[in-house]
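1. Coordinates for the following, if possible.
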Amino acid sequence: MTAVLLVGVGAVGRRAARQLAETDGVERILIADRAPGPAAEAAEVMGERAEVVDWSPDRPLPPGVSVVASAIGGPAERAVFERAVESGVPAAGCGDDGATVRSLLDLDDAAREAGVALAAGCGLAPGLADVLARHAADALDSVDEIYVARAGSAGPSCRGAIDRAGRGAALEWRDGAWVRHRAGSGRQLVWFPAPVGGLDCHRAASGQAPLLVDAFPTLRRASMRIASPLGVGAGVPGAGLLSHVPVVSTLLGGPAAKRSRDPEGDWGATWVEVRGRRGRSEEILVYGAVDRMAFASGAVLAVSALWLAGLGTGRVTGTGAHGLAALVEPVPFLAELARRGVKAAAFEGATAG
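-> Just a heads-up that it's a prediction; the model follows:
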């Protein structure tokens, strides 16, 4: 019997709960949140398989839990992962700030000793962006540089995190060392898939680059940029999209159009540029994805947890604490997300401005 402990029912957690409730093989969804009201509301929406549990990260996991999905981020997410390791249970979390991600990666030795996989940064970027980076890397003989950008927010907590990411120091990986830059510097025009289009992006304090360096040890460069508030420059026509998996800008009445009226979260988008070599040629591959931020992040978190529990169409490739680029097979993972409505696209001859 597969039982999922879902911690946190904010915008992303509620979306993840719906994905879990619609999955065959998930028999119990245990919902824990510091606010009992939202937890009870989420359980009621999820149906008879869902129930509220009185649990906090300073206590052992409830009995019978198969996998943990954490939608809280911050220092508390580290405590959630520690409880999972103590119980020998895999866990996925969506926290994406640099301090949280580095603290989760520090659990690698403990997770390996316990024989479990911990998936950090399971949202849009990091998260889906890591899978796209792995997909691109698998098409190359070697990878030298990976650049990621993201636009949009999932809810109030996410917007607060973006605001904090724009202050202080942003770390970028340069030729085997971390280089500190001022967050908010390094303006760059990035072309996201439609309907988001071109947006100014800036350096941000994020856990994205550490996850990429962990997954691709020979990288020379890795960086993350976050867009100015979505709407500034949004809707500028995109540059030559060539769909790998159909892009999710279905604006004429399909599921994505219905989600466009959803009050939860902005349009979210990610852009991933991978530079490397194939044979004697230098290659640049650029992938992207767009959807409502809360929907996409919740789907990535749910699918990550399901794969860790053995309910995926592919396999988790190891134990320890890593991002998705080091843990999942990209093609079946992307196919599963596409089946759930989150789709990716490849850009033809397009890089950042």
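
2. Does residue 56 belong to a helix, a strand or coil?
-> coil (DSSP: H, G, I helix; E, B strand; the rest coil).

3. now the helices for the protein?
-> Ranges of helices in the chain, per DSSP state H, are 11-21, 36-46, 74-87, 98-105, 108-114, 128-138, 156-165, 208-215, 255-259, 293-308, 330-339.

4. what angle sits between the longest one and helix 11-21?
-> Put plainly, it is helix 293-308. Calculated by axes from the mean of the first three to the mean of the last three CA atoms, to 10 degrees, helix 293-308 forms an angle of 50 degrees with helix 11-21.

5. got any ranges where the stretch 151-300 of the chain has weak pLDDT?
-> 154-167, 229-265 (pLDDT under 70).

6. Go through the helices of the chain and pick out the most buried.
-> helix 293-308 (a mean of 30; mean count of other CB atoms under 10 Å). All C-beta spots, glycine's among them, are computed from the backbone N, C-alpha and C.

7. So which elements touch that helix?
-> Contacts defined by 3 or more CB pairs under 8 Å, 6 or more residues apart in numbering; DSSP states H and E place helix 293-308 against helix 11-21, strand 67-70, strand 91-93, strand 117-119, strand 267-278, helix 330-339.

8. export those to JSON lines and tack on distance to residue 152?
-> Below are the helices and strands packed on helix 293-308 laid out as JSON lines (distance: least, CB to CB, whole Å):
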{"stretch": "helix 11-21", "distance to residue 152": "12"}
{"stretch": "strand 67-70", "distance to residue 152": "21"}
{"stretch": "strand 91-93", "distance to residue 152": "19"}
{"stretch": "strand 117-119", "distance to residue 152": "22"}
{"stretch": "strand 267-278", "distance to residue 152": "3"}
{"stretch": "helix 330-339", "distance to residue 152": "17"}
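
9. Looking at these, which is nearest to residue 310?
-> Between residue 310 and the helices and strands packed on helix 293-308, the shortest gap by CB to CB is with strand 67-70, which sits at 8.7 Å.

10. can you pull the alpha-carbon coordinates of the closest one into PDB?
-> Provided in PDB are the C-alpha atoms of strand 67-70 (Å, rounded to 0.1, in the frame of the first residue of the first chain):
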ATOM      1  CA  VAL A  67       7.200   8.600   0.600                       C
ATOM      2  CA  VAL A  68       7.200  12.200   1.700                       C
ATOM      3  CA  ALA A  69       6.300  15.200  -0.500                       C
ATOM      4  CA  SER A  70       7.200  18.500   1.100                       C
END
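
11. So which other helices or strands are in contact with it?
-> By 3+ CB pairs under 8 Å, 6+ apart, strand 67-70 packs against strand 2-7, helix 74-87, strand 91-93, helix 293-308.

12. Quick one: mean pLDDT for the first one?
-> Regarding strand 2-7, the rounded mean pLDDT is 96.

13. So in that sheet, which strands flank it, and in what orientation?
-> Partners of strand 2-7 in the sheet, by DSSP bridges, are strand 26-32 (parallel), strand 67-70 (parallel).

14. Highest mean neighbour count across those strands, which stretch is it?
-> strand 67-70 (a mean of 29).

15. pLDDT of it, averaged?
-> Rounded mean pLDDT across strand 67-70 is 98.

16. now the strands paired with strand 2-7 in TSV, with distance to residue 180?
-> Putting the strands paired with strand 2-7 into TSV (distance: least, CB to CB, whole Å) gives the following:
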stretch	distance to residue 180
strand 26-32	37
strand 67-70	28
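
17. neighbours of residue 280, just the number please.
-> 6 (other CB atoms under 10 Å).

18. For the nearest residue to residue 40 once chain neighbours are set aside, give me its contacts.
-> Distances taken as CB to CB, 6 or more residues apart in numbering put residue 52 closest to residue 40, at 5.5 Å, once the chain neighbours are dropped. Contact analysis of residue 52 by CB atoms under 8 Å, 6 or more residues apart in numbering lists 30-32, 36, 39-40, 43.
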